[in-house]
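only geometry, no sequence info:
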């Protein structure tokens, strides 16, 4: 049991090469899960959120298949076994 | 990099919307070799070559649309770059700001070889005292009472130019778009606007204390108090370190433009690239012309030999004009259309060095071995 965070390829170098990180911590929200991730892999969180703790505009975070932008943002509640997926948005130029 | 550069070789550090390129030549500046892209897909608005203290360090401000901006360094001419784990330029907690982009990297004075400065968006000045390992904001400007009243221009609200006084570590001038020119005389603890005489056509009061959209300022280290300024409409000079500015748009087709560079060996010789207008940001009459003054702005002459003189619907941005330190000096500029031009004779004759790069936002020139 635990919360799983799936990382895109671009962020895996900042998590020791891992594609997935499992959190043993009890995290009730996405913000708490990202804080737990930050404690282990600060380089990942710097690229997902800005200095204010806000999600970067071209990064999407899904919880159990739903984009948190359409839920409660970083306050979106987690289950004990939620899966968080971080992906770059389909933006570019 | 194909071979170790030799003393006297020239490298152009070219930042584009999709990566950086290093463009190499010998001291004769005859043939050029393009190497890159570095940081594929990331925009690079600021580059610098730091050769103080025996270094051969390149610095690059890279911005991923997804993952944010940071400063990387290379000590092997771009063969490898640092990959900072953490965002190394960051606003302090509680400031309410978050870094958008890095617009300028400026090595500090020769007497302080470990000091570097960075200008960022939203407008703030950062300083490193360990040769770029760590960065911290200059609090006197970050907490300035005017700061909340500065407004973003089309490119964002950025601090884009940093001019440390070469002989006095307490003195510095910076330029902010849109905020104007600010000056410190006490090492950054306090800053005062220095915009008297500079017009702001987009404000009800055309001559406010601050809020001007200054596009670029430049000076020569041998005469640091003489400053030149390319404004959002307006071309100016100050002979007193920014206390008063005087119009010097004498014989230019337009006083709108972005780029400005001082000749490396003559404080009265300055290069600009006028643009048609704020509404049509292309070179006037679709003719690519660099303008040069040799008398500190009393007169300006077009330099066009070798540059396209028809159908040149292109523009040159604020940091995309540079000079090398050879004698005669090489002058270089890049365009939004991805063309890179160079002159080995101070602008008399130009050649096209590259014609299909991504949109160019930054050009810096360095002579290997010349600090």
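Now that the structure is in, tell me what you want to look at. What you see is a predicted model; the values in this text were computed from it and never measured.

low-confidence ranges in the stretch 1-150 of chain B?
Residue ranges of the stretch 1-150 of chain B with pLDDT under 70: B:1-3.

Then chain A?
Using pLDDT under 70, the flagged stretches of chain A are A:91-93.

let's see it at 90
The model of chain A has pLDDT under 90 over residues A:1, A:24-26, A:90-93.

And stretch B:299-311, end to end?
27 Å (C-alpha to C-alpha, to the nearest Å).

how about that stretch: buried residues?
Along stretch B:299-311, the positions that meet the burial threshold by neighbour count (16 or more other C-beta atoms under 10 Å in any protein chain shown) are B:300, B:302-304, B:306-308. No exception for glycine: its C-beta is placed from N, CA and C like everyone else's.

now stretch B:274-294
In stretch B:274-294, counting by 16+ other C-beta under 10 Å, buried: B:274-276, B:281-284, B:287-293.

Can you tell me which of those residues end up in strands?
Of those, the ones assigned to strands by DSSP state E are B:274-275, B:290-293.

Same list, those, but only the ones touching chain A.
Applying C-beta under 8 Å from any C-beta of the partner chain to those, one finds that nothing falls near chain A.

Now that we have those, can you turn them into TSV and tack on pLDDT and distance to residue A:81?
Listed next are these as TSV, based on pLDDT from 0 to 100; distance: C-beta to C-beta, whole Å:
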residue	pLDDT	distance to residue A:81
B:274	98	63
B:275	98	59
B:290	98	64
B:291	98	67
B:292	98	69
B:293	98	70
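
among the residues you listed, which two are most distant?
Greatest spacing in those, by C-beta to C-beta: B:275 and B:293 (17.2 Å).

Enumerate the residues of chain A near chain B.
Counting by C-beta under 8 Å from any C-beta, the residues of chain A near chain B are A:10-11, A:13-14, A:42-43, A:46-48, A:50-52, A:54, A:56, A:58-59, A:88-89, A:91-93.

need the residues of chain B near chain A, please.
Going by C-beta under 8 Å from any C-beta, the residues of chain B near chain A are B:17, B:41, B:64-68, B:83-87, B:90-93, B:95-99.

Show the residue spans covered by the helices in chain A.
Assigned by DSSP state H, chain A shows helices spanning A:30-40, A:42-48.

now, of those, which is deepest in the fold?
Ranked by mean neighbour count, the helices of chain A are led by helix A:42-48 with a mean of 21 (mean count of other C-beta atoms under 10 Å in any protein chain shown).

Check which helices and strands it is in contact with.
helix A:30-40, strand A:59-63 (3 or more C-beta pairs under 8 Å, 6 or more residues apart in numbering or on different chains; DSSP states H and E).

May I see these organised as JSON lines, with distance to residue B:105 added?
Below are the helices and strands packed on helix A:42-48 laid out as JSON lines (distance: least, C-beta to C-beta, whole Å):
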{"stretch": "helix A:30-40", "distance to residue B:105": "27"}
{"stretch": "strand A:59-63", "distance to residue B:105": "26"}
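
centroid residue for chain B?
Among the residues of chain B, the one closest to the centroid is residue B:319, at 3.6 Å (C-alpha atoms, centre = their mean).

For the nearest residue to that one once chain neighbours are set aside, list each beta-bridge partner.
Among residues not flanking residue B:319 along the chain, residue B:362 sits closest, at 4.5 Å (C-beta to C-beta, 6 or more residues apart in numbering or on different chains). On the basis of DSSP bridges, residue B:362 is bridged to residue B:15, residue B:319.

Residue B:362 contacts residue B:48, doesn't it?
No. Counting by C-beta atoms under 8 Å, residue B:48 is not a contact partner of residue B:362; they are 9.6 Å apart.

For the residue of the stretch 151-300 of chain B found nearest chain A, give me its contacts.
Chain A sits closest to residue B:156 of the stretch 151-300 of chain B, with a gap of 13.6 Å, by C-beta to the nearest C-beta. Each residue near residue B:156 by C-beta atoms under 8 Å, 6 or more residues apart in numbering or on different chains is listed here: B:100-101, B:121-122.

What confidence value was assigned to it?
You'll see residue B:156 listed with a pLDDT of 84.
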